[in-house]
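> Give me a model of this one.
(chains A, B and C)
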Amino acid sequence: MEHGQLRIADVAVSGRRDGPDIAEKEPVIPGGPVREGWPDGAGEPAWPVSVAEALGVQDRLRPLVDLVGPGPAAPATVAGLDVAYAEDGDRLAAAVTVLDARTLQVVDSAVATGRPAFEYVPGLFAFRELPALLDALDRLSTPPELLVCDGHGLAHPRRFGLACHLGVLTGLPAIGVGKTPLVGAWEPPAEHRGAWSSLVDGTEVLGRVLRTQDGVKPVFVSVGHRMGLENACAQVLALAPHYRLPETTRTADRLCRTALANNV
DNA sequence: GCGACAG
DNA sequence: ATCTTGTCGC
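This next block holds a predicted model:
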């Protein structure tokens, strides 16, 4: 599956490298951009290398998020994405597993290895894993109908978390499922599976705190792209019939870990 | 000014 | 994310 087939948005993904403030231009990753052939804008770098550039990228892509689409009510295939890091944090493996939405069986999968593409900065987390995740998506034989991301979507300081970024870049419906909160206020939902409470920032609803199993810690669900919050939660519940996390993330997690262990 | 802070 | 020991519970 080529980037073209994924319909990577034809937009500038990077930030401008020329700026007045020298201090803010310091590369976050020594050596600069790590990805070649990125669908960058005219004359612009392949990937942001500083915090200032990354913030600029988010600001530019944020308007491209589709908040209208309710999303597929009954997707045939759902993909889970996750990344595992080596102990030294020098190497990583990204995995995508595609499940049959009805049987929850893995019908396709792919792995890509690489290096973290950015320093870990809360709010800029996506820039670390995106290149490897897109590489893995490229290796699938068929595009999935929905992406379930390990991290937040709209529940982000600038309303553009990993799930939004991945959704915009691929054009696919995407939802974010975080294990811990990043932003927003919330109250613990009732103890039973399916119970939820709103994750809010003032009057703005960022997502939902959803209990996927009786008595277990809830997960944080937010819209990524081309999905409605109600539908997103329904999909997550359907994907988590027995465990706290959706089967999509569980299978992807196992795949990238074993891949990392086998140096594959 | 001092914490908090997806993975 | 990753490192860690035992422990509580089904």
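> could you pull out the helices for the stretch 1-150 of chain A?
With DSSP state H, counting those that start in this stretch as the criterion, the stretch 1-150 of chain A has helices at A:3-6, A:51-61, A:126-138.
> now, of those helices, which is deepest in the fold?
Comparing the helices of the stretch 1-150 of chain A by mean neighbour count (mean count of other Cβ atoms under 10 Å), helix A:126-138 ranks first with a mean of 24. Any C-beta I mention is one placed from the backbone N, CA and C, and that applies to glycine too.
> and the helices of the stretch 1-150 of chain A as TSV, adding mean pLDDT and distance to A:Pro241?
Converted to TSV, the helices of the stretch 1-150 of chain A look like this (pLDDT from 0 to 100; distance: least, Cβ to Cβ, whole Å):
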stretch	mean pLDDT	distance to A:Pro241
helix A:3-6	46	29
helix A:51-61	96	34
helix A:126-138	97	25
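> how much space between the residue of chain A found nearest DNA strand C and A:Leu130?
When scored by Cβ to the nearest atom of the strand, chain A has A:Ala84 as its residue closest to DNA strand C, at 3.7 Å. Here A:Ala84 is placed at a distance of 15 Å from A:Leu130 (Cβ to Cβ, to the nearest Å).
> likewise A:Ala101?
24 Å.
> Write out the residues of chain A neighbouring DNA strand C.
When proximity is defined as Cβ under 7 Å from any atom of the strand, chain A approaches DNA strand C at A:83-85, A:87, A:89, A:150, A:179, A:257, A:260.
> Type out the ChimeraX command that picks the buried ones from those residues.
To isolate the buried members of the residues of chain A next to DNA strand C in ChimeraX, using 16 or more other Cβ atoms under 10 Å:
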select /A:83,84,85,150,257,260
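> Which of the residues of chain A next to DNA strand C fall in strands?
A:83-85, A:150 (DSSP state E).
> which among those are in contact with DNA strand B?
Within these, those near DNA strand B by Cβ under 7 Å from any atom of the strand are A:83, A:85, A:150.
> For stretch A:206-223, output the C-alpha coordinates as CSV.
The C-alpha trace of stretch A:206-223 is given here as CSV (Å, rounded to 0.1, in the frame of the first residue of the first chain):
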residue,chain,number,x,y,z
LEU,A,206,-12.6,16.6,24.5
GLY,A,207,-13.5,13.0,24.8
ARG,A,208,-14.9,10.3,27.2
VAL,A,209,-13.5,8.4,30.1
LEU,A,210,-14.8,4.9,29.3
ARG,A,211,-14.9,1.8,31.5
THR,A,212,-14.3,-1.1,29.2
GLN,A,213,-14.5,-3.8,31.9
ASP,A,214,-16.2,-4.0,35.3
GLY,A,215,-14.0,-2.5,38.0
VAL,A,216,-10.9,-1.8,35.9
LYS,A,217,-9.3,1.5,35.2
PRO,A,218,-11.1,3.4,32.5
VAL,A,219,-9.5,4.4,29.1
PHE,A,220,-9.6,7.8,27.5
VAL,A,221,-11.3,7.9,24.2
SER,A,222,-11.3,10.8,21.8
VAL,A,223,-12.0,11.5,18.2
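> Okay, buried residues for that stretch please.
Buried residues in stretch A:206-223, counting neighbours by 16+ other Cβ under 10 Å, are found at A:206-213, A:218-223.
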